[in-house]
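Visitor: give me the fold of what follows.
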Amino acid sequence: MSREMTETQLLSRKLTRQFGKNLYTLPIFTGEVTGRKIKKLWRDIVKQCAKNPYQRFVLFITTDGGDADPARLFYSLVRTADINLITVALEHVYSAGLVLLLAGKQRFATAHTEFVIHQASLYLQGSHAYNEAELLEELQSLQHTNRVLLDILTENLSICRSDIDAMAKTETYLTAKDAKKIKLVQKII
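Guide: Got it, this is the predicted structure:
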């Protein structure tokens, strides 16, 4: 095994010094946000909480985004269960990844992290022919998802709902400094 420490190991040490030793580093979240990955992540948190109900967690995130529904579920589970989660954005956190990031009570980013805020999208695949009623149902579901995502962003950011909505409609890229200004993250490390 290499003697060199990875960036996440160095950041974990830094966070442990800041928050104490009772800090469990979850596996880094990379790739697409999927229901399967969220289920695995949640199982890991529950397992550690069974060992120590006062456990604090750190989750490093770098993702292009993915499915908004599992991201919303993770956010709701963490917030409802009052899990003491620290999230750290690495490199880039796009789309549904922002919802994972916002689940953290404390949120950090490395200096060169990039973020993207945009509305949810609908992809119709396969050979299924959709009739008008089915398409309207899909549209209503998409509109509901966008409202919920807007609610989550509004609850956590320091800017007004209409500004967040405008950012989402135009697909807005943010630097770590921009993210800190609007309270997407609280500190750049």
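
Visitor: and D163, what helix or strand is that in?
Guide: Element membership for D163 (DSSP states H and E) is helix 161-170.

Visitor: cool, L10 as well?
Guide: helix 7-19.

Visitor: L41 and T30, how far apart?
Guide: 12 Å (C-beta to C-beta, to the nearest Å). Every residue, glycine included, has its C-beta placed from N, CA and C.

Visitor: give me the contacts around the helix holding L10.
Guide: Identification of contacts with helix 7-19 by C-beta atoms under 8 Å, 6 or more residues apart in numbering yields 5, 23, 25, 28, 56, 58, 60, 86, 88, 90, 108, 110, 189.

Visitor: one more pass at 10 Å, please.
Guide: With C-beta atoms under 10 Å, 6 or more residues apart in numbering as the test, helix 7-19 has contacts from 4-6, 22-25, 27-28, 56, 58, 60, 62, 84, 86, 88, 90-91, 106, 108, 110, 187, 189.

Visitor: how about stretch 169-178?
Guide: Outside stretch 169-178, the residues that reach it (C-beta under 10 Å, 6+ apart) are 89, 92-95, 98, 108-119, 146, 164, 166-167, 180-182, 184-185, 187-189.

Visitor: which of the residues you listed count as buried?
Guide: 89, 92-95, 98, 108-110, 113-119, 146, 164, 167, 180, 182, 184-185, 188 (16 or more other C-beta atoms under 10 Å).

Visitor: coming back round to it: buried subset of the contacts of helix 7-19?
Guide: For these, buried by 16+ other C-beta under 10 Å: 23-25, 28, 56, 58, 60, 62, 84, 86, 88, 90, 106, 108, 110.

Visitor: who's more crowded, L41 and T30?
Guide: More neighbours surround L41 than the other of L41 and T30, with 20 against 14 (other C-beta atoms under 10 Å).
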